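Asks: need a 3D model of the following:
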Amino acid sequence: MTSTHATGSTPVKAKRNTSLLARFWRWEASGILVALIALMLVLSFATENFLSSYNAAVVARQAAFVGLVALGQTMVLLVGGIDLSVGAAAGLSAIAGSLMLTSLGIHPYLVIPLTMAFGLGLGLINGIFTAGLRLNPFIVTLATWEIFAGLTLVITKGYPIRPLGPDFTIFGKGDIFGVPFPVVIFVALGIFLIWLLTQTRFGRNVFAVGGNREAAILAGIHVKRVEFIAFGLAGMLAALAGILYASRMDAGQPSVGEGWLMGAITAAILGGTSLRGGQGSIIGTMLGALLLAVLANGTVLLNVSGFWQRVIVGFVVLLAVLVDLFRRRD
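Replies: Next up is the predicted model:
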């Protein structure tokens, strides 16, 4: 009897386990989670300092800066667009916030929200041309990238704005119960965006617009408004990353945001966000940003040339795209 009962229950358990594995495989962020765990295991054995609390804080903080930009980029990608200006918007916003602090004497606690409002304005400029006038987002944001980067150099003449003062640098250097403040903000905003996309009508509209814009219009969705908001959020989150980085460095550097564009797009793609729009997840993007930070940190700990880091990231992106392709075929 015992043998018969065991034999009869085995297929049920196997089917249940297979179903769980199938559901995990279909999850957009499944590949990036497996890759992240594997990479962390390898580095924990290959290096002595990877698992130290100090190094963990360094990795998390690095992931937070690019991750904030990636969260905004994900919103734009989900509606079927792309924003090439986020890195330059972060840089210009960091300079604007630094000037608010040093030249205008605005209270340090007001500088961050005002800088976010400034970044929101930059994002809405992109929204006017892309959502409002229906111009190609690639061309529009390529142009605004040059405009924002050029304005940064015009304003600063290539020199940093410093010092910003200890009352302001606490936002970039401080921590809450040992967790760096930028990481707390990154996680909090990630949770908020997860709720926004999964539990609200706006979130459903984002996926609908990215999946099929014409069908979304026929369904009565205000498509232009959704796209407009997505570009605005991208600019605002890029500005937040820029001013937090300036706080961390105690200076508004003209170079803030350089290289963040590739990192933001890469994190989103690695996390399962489709370049065609309509598919992706915030948690996947957050894991993608963390993977890139771990990868960069690992190359440093292993004394790998920084020049190879870009080559490695490129291969990782191609691998992620291939995994995504095979997963969609299943």
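
Asks: what's the helix or strand for the residue positioned nearest the centre of the chain?
Replies: With distances taken as Cα atoms, centre = their mean, the residue of the chain nearest its centroid is residue 70 (1.7 Å). Secondary structure from DSSP states H and E places residue 70 in helix 53-78.

Asks: residue 220 now?
Replies: With DSSP H and E as the criterion, the answer for residue 220 is that it lies in no helix or strand.

Asks: tell me the phi and psi of it?
Replies: phi 90, psi 10 (degrees, to the nearest 10).

Asks: separation between it and residue 201?
Replies: Distance of residue 220 to residue 201, given as Cβ to Cβ, to the nearest Å: 11 Å. From N, CA and C alone the C-beta is placed, and that goes for glycine too.

Asks: then residue 72?
Replies: Residue 72 is 20 Å from residue 201, by Cβ to Cβ.

Asks: for residue 274, helix, strand, or coil?
Replies: coil (DSSP: H, G, I helix; E, B strand; the rest coil).

Asks: ok, it touching residue 280?
Replies: Yes - contact status for residue 274 versus residue 280: in contact at 6.0 Å, counting by Cβ atoms under 8 Å.

Asks: which residues does the residue nearest to the centre of the chain contact?
Replies: By Cβ atoms under 8 Å, 6 or more residues apart in numbering, residue 70 lies in contact with 263, 264, 265, 267, 268, 285, 286, 288, 289.

Asks: distance check, residue 234 against residue 81.
Replies: Residue 234 is 9 Å from residue 81, by Cβ to Cβ.

Asks: who's more crowded, the two?
Replies: residue 234 (33 against 25; other Cβ atoms under 10 Å).

Asks: tell me the contacts of residue 174?
Replies: Counting by Cβ under 8 Å, 6+ apart, the residues that residue 174 touches are 180, 181.

Asks: for residue 184, see how far away it is.
Replies: 10 Å.

Asks: which stretches of the stretch 151-300 of the chain form strands?
Replies: Applying DSSP state E, counting those that start in this stretch to the stretch 151-300 of the chain gives strands spanning 175-176, 179-180.

Asks: redo those as CSV? Include mean pLDDT, mean neighbour count and distance to residue 45.
Replies: Converted to CSV, the strands of the stretch 151-300 of the chain look like this (pLDDT from 0 to 100; neighbours: other Cβ atoms under 10 Å; distance: least, Cβ to Cβ, whole Å):
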stretch, mean pLDDT, mean neighbour count, distance to residue 45
strand 175-176, 91, 12, 28
strand 179-180, 93, 18, 26
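
Asks: for the ones you listed, give me CSV that also has distance to residue 22.
Replies: Putting these into CSV (distance: least, Cβ to Cβ, whole Å) gives the following:
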stretch, distance to residue 22
strand 175-176, 39
strand 179-180, 35
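
Asks: thought residue 240 was touching residue 118?
Replies: No - under the criterion of Cβ under 8 Å, residue 240 makes no contact with residue 118, lying 10.4 Å away.

Asks: quick one: which of the two has more around it?
Replies: For residue 240 versus residue 118, neighbours defined as other Cβ under 10 Å are more numerous around residue 240 (29 against 23).

Asks: before we move on, back to that, give me the more crowded residue out of residue 274 and residue 280.
Replies: The neighbour comparison of residue 274 against residue 280 (other Cβ under 10 Å) goes to residue 280, with 25 against 18.

Asks: you'd agree the more buried one is up against residue 74?
Replies: Yes - assessed by Cβ under 8 Å, residue 280 is found in contact with residue 74 at 5.9 Å.

Asks: quick check: neighbours shared by the two?
Replies: With contacts taken as Cβ under 8 Å, 6+ apart, residue 280 and residue 74 have 268, 271, 273 as neighbours in common.

Asks: which one among these gets closest to residue 216?
Replies: Proximity of these to residue 216 (Cβ to Cβ) peaks at residue 273, which lies at 18.1 Å.

Asks: contacts only, for the closest residue to the closest one other than its chain neighbours.
Replies: Using Cβ to Cβ, 6 or more residues apart in numbering and skipping the chain neighbours, the partner closest in space to residue 273 is residue 280 (2.9 Å). Contacts for residue 280 (Cβ under 8 Å, 6+ apart) come out as 28, 74, 77, 78, 268, 271, 272, 273, 274.
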